[in-house]
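Colleague: need a structure here:
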Amino acid sequence: MDENDENLQAVMGLIMNGGNAKGSAFEAIKAAKKGDFDEADAKLKESDKFLAEAHNSQTGMLTKEASGEHVQVSLLMVHGQDHIMNAITFRDLAGEIVDLYKRLAEK
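Modeller: Have a look, this model is predicted:
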């Protein structure tokens, strides 16, 4: 696999795992809205798993750059970074919303 293929694979890892993480976080909110908190917690954990996978893709690129091997920045890479940043924010907010639904259910 040449360098371009490796970079493309890493970027696609960011996009796919970022999208999956956001989707799981959204499913957590939907489950909490229905009062299914076990499912909501499971979906938040699933979201975290996808974020960890995305982080691994990102770490590979950062490690290359830190070791002096310049990684070419492309529009697709910027798009992948955007996906993961949005997914992280969405996951954090989903956790807060699930907690709010839990509090409402306790009253």
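
Colleague: pLDDT below threshold where in this protein?
Modeller: Low-confidence regions of the chain, defined by pLDDT under 70, span residues 1.

Colleague: Need the residues that contact stretch 89-97.
Modeller: 21-22, 25-26, 28-29, 32, 44, 47-48, 51 (Cβ atoms under 8 Å, 6 or more residues apart in numbering). (Glycine included, C-beta is placed from N, CA and C.)

Colleague: Restricted to buried residues, select those residues in PyMOL.
Modeller: Typed into PyMOL, the next command selects the buried ones out of the contacts of stretch 89-97 (criterion: 16 or more other Cβ atoms under 10 Å):
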select buried, resi 21+22+25+26+28+29+32+44+47+51
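
Colleague: Show me the contacts of stretch 89-97 that map onto helices.
Modeller: 21-22, 25-26, 28-29, 32, 44, 47-48, 51 (DSSP state H).

Colleague: Show me what counts as buried in the helix or strand containing Asp92.
Modeller: Taking DSSP states H and E as the criterion, the element that holds Asp92 is helix 75-106. Under the neighbour-count criterion of 16+ other Cβ under 10 Å, helix 75-106 has 77, 80-81, 83-84, 87-88, 90-91, 94-95, 97-98, 101 buried.
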